[in-house]
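Asker: When you get a sec, could you give me coordinates for this:
(one chain, ligands or ions: 1)
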Amino acid sequence: MKLRTHAACGILLATLVSPRISFGILCWAVIWSVISDFDVYIPTVSHREITHTLAFALFSGALVLALGFASFYAILASLCVILHILMDSLTPNGVPLWIPFSTKRVRFPIIGGRIRSDNWIVNLSIQIIAIGAAIVIISS
Ligand SMILES: [Zn+2]
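Answerer: Numbering: from 1, shown residues only. Okay, here's the model as predicted:
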């Protein structure tokens, strides 16, 4: 999926799990929703490998806790990474969810592998639905 799509879904996730939404929490969710794809800037890391695993999602939450943030921020960080992985599992490449225990790539059941990550119609539709739902939740 595109970075904007991951960011939009992170915003929706934040509105669903936050008791009080704020601009800071939305920014936090956006950062952790897209951080997995910044692996392309790390020379020794392949794209969609270690940063697209359940281990990385758990590591993200642990790192946030270790840095002294409240547990809410750690849980939100891990959930955003998990949501990112879930969305990328819809694509033909899938994700190596179980590294370091298995390198087998995982696709979402039934519809996984049928959505190309660069499909602009799917990306735009998800962005509109996610941001629309977030706006409805925030304004209610
Ligand atoms: Zn990704």
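Asker: what's the spacing between the residue lying closest to S46 once chain neighbours are set aside and I25?
Answerer: Ranked by Cβ to Cβ, 6 or more residues apart in numbering and with sequence neighbours excluded, the top spatial neighbour of S46 is D39, at 7.4 Å. For every residue, glycine as well, the C-beta is placed using N, CA and C. Distance of D39 to I25, given as Cβ to Cβ, to the nearest Å: 24 Å.
Asker: same thing with T103?
Answerer: 35 Å.
Asker: do I138 as well
Answerer: 11 Å.
Asker: Please apply the same query to V81.
Answerer: For V81, the distance to I25 - Cβ to Cβ - is 16 Å.
Asker: So those two - more neighbours on which side?
Answerer: Legend: neighbour count by other Cβ atoms under 10 Å for V81 and I25, higher for V81 (27 against 19).
Asker: Return the distance of the helix or strand harbouring the more buried one from the chain's centre.
Answerer: According to DSSP states H and E, V81 maps onto helix 71-88. Remark: helix 71-88 is offset 6 Å from the chain centroid, using Cα atoms, centre = their mean, to the nearest Å.
Asker: what about the next helix or strand after it and the ion, any contact?
Answerer: Using DSSP H and E, the next helix or strand after helix 71-88 towards the C-terminus is helix 120-139. No. Using Cβ under 5 Å from the ion, helix 120-139 stays clear of the ion, coming no nearer than 12.5 Å.
Asker: Would you mark the buried spots in helix 120-139?
Answerer: V122, N123, I126, Q127, A130, I131, A133, A134 (16 or more other Cβ atoms under 10 Å).
Asker: Could you report the pLDDT at the fifth one?
Answerer: You'll see A130 listed with a pLDDT of 96.
Asker: Can you name the residues that contact it?
Answerer: Counting by Cβ atoms under 8 Å, 6 or more residues apart in numbering, A130 touches T5, A8, C9, I11, L12.
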